[in-house]
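Participant: Give me a model of this one.
(2 chains)
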Amino acid sequence: DVKVTQSSRYLVKRTGEKVFLECVQDMDHENMFWYRQDPGLGLRLIYFSYDVKMKEKGDIPEGYSVSREKKERFSLILESASTNQTSMYLCASSLLLGQGAYEQYFGPGTRLTVT
Amino acid sequence: AQSVTQLGSHVSVSEGALVLLRCNYSSSVPPYLFWYVQYPNQGLQLLLKYTTGATLVKGINGFEAEFKKSETSFHLTKPSAHMSDAAEYFCAVSDLNTGNQFYFGTGTSLTVIP
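Facilitator: Numbers count the residues shown, from 1 in each chain, chains lettered A, B, ... in the order given. This is a model prediction of the structure:
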C-alpha cells in the first residue's frame, strides 16, 4: 500500500516563527502536492512538484515556500507564520498521468495553529 | 479552466435511505473524475474513480458513481446509508490540460440519522 506520512498531526506555533511541515511518500511517485483545507473552502493547492528540485505555484502560494531535495520528500515552509495560516495542511502524491494508476494518495494531515 | 461544483454543502439522510451526493464538473477535454471521503481528523481516502471505459463505476463501501458526459456530472450514490458513512465527501477532476493537478469541490458533509 502507498503510504504518505506527515511529520506532525498537531502543531502549535507563534506568530513570526518559521515553520516546517514535512511529507514523505514511499511509492516512488513523481508528483507531490501541498494543500490547505479550511471549512467551506475545500482543498486549495499551495504548491506542487513533479520532480526533484522542481516546483510549481498553486492557487495560494503567498506566504509559503517548498523544498524537494529528494524524490520521496516534499517540505512546506511558512517563512513567518501568521494567524491566518491556522489551518489543516494535507500532503498528497501521485504518479504522472499516463504512467499507471492515476490518483492522489493523501497523508493524515497536520493541523497547524498559529497563536 | 477546470472546476468542480458540489451541490449541497450538508446532506442528511436516514439510516437505510438512499445517499445521493451531487458533483458537476467543467472540462474541455475528457476528464478523470474522483470521489474521496474524509473522516474526522484524517486525510482523504479514494472511494472511486473514472478514467476511461465503463461509465458506471463501483467503489469501496458500496458506493458507486456514473459519469454522464452530456450532463457533465459524476454523482455519488449508495442504496442504503449506514451510520459509518457519516463523513465529508469531495469530488475532484483532472485531465490532460491540468498538468497532473486535481481540482477539488468544496465538499459535502453527510450526516446519517439513526
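Participant: which residues sit in contact with the spatially most central residue of chain B?
Facilitator: Within chain B, the residue whose C-alpha comes closest to the C-alpha centroid is B:Trp35; the distance, by CA atoms, centre = their mean, is 3.5 Å. Taking CB atoms under 8 Å, 6 or more residues apart in numbering or on different chains, we find B:Trp35 in contact with B:21, B:23, B:46-49, B:59, B:63, B:65, B:74, B:76, B:89-92. C-betas here are computed from N, CA, C, even on glycine.
Participant: Now, those residues that are in helices?
Facilitator: Residues of the contacts of B:Trp35 located in helices (DSSP state H): none.
Participant: So which of those residues reach chain A?
Facilitator: Contacts with chain A within those, as defined by CB under 8 Å from any CB of the partner chain: B:46, B:49, B:90, B:92.
Participant: ok, the helix or strand where B:Trp35 lies: who's next to it in the sheet?
Facilitator: Using DSSP states H and E, B:Trp35 sits within strand B:32-38. Based on DSSP bridges, the pairing partners of strand B:32-38 within the sheet are strand B:44-50 (antiparallel), strand B:87-94 (antiparallel).
Participant: circling back: bridge partners for the residue nearest to the centre of chain B, pull those for me.
Facilitator: B:Trp35 has these beta-bridge partners by DSSP bridges: B:Leu48, B:Cys91.
Participant: distance of it from B:Leu110?
Facilitator: Noted for B:Trp35: a distance of 12 Å to B:Leu110, by CB to CB, to the nearest Å.
Participant: who touches both of these two?
Facilitator: Common neighbours of B:Trp35 and B:Leu110, counting by CB under 8 Å, 6+ apart, are B:21, B:89.
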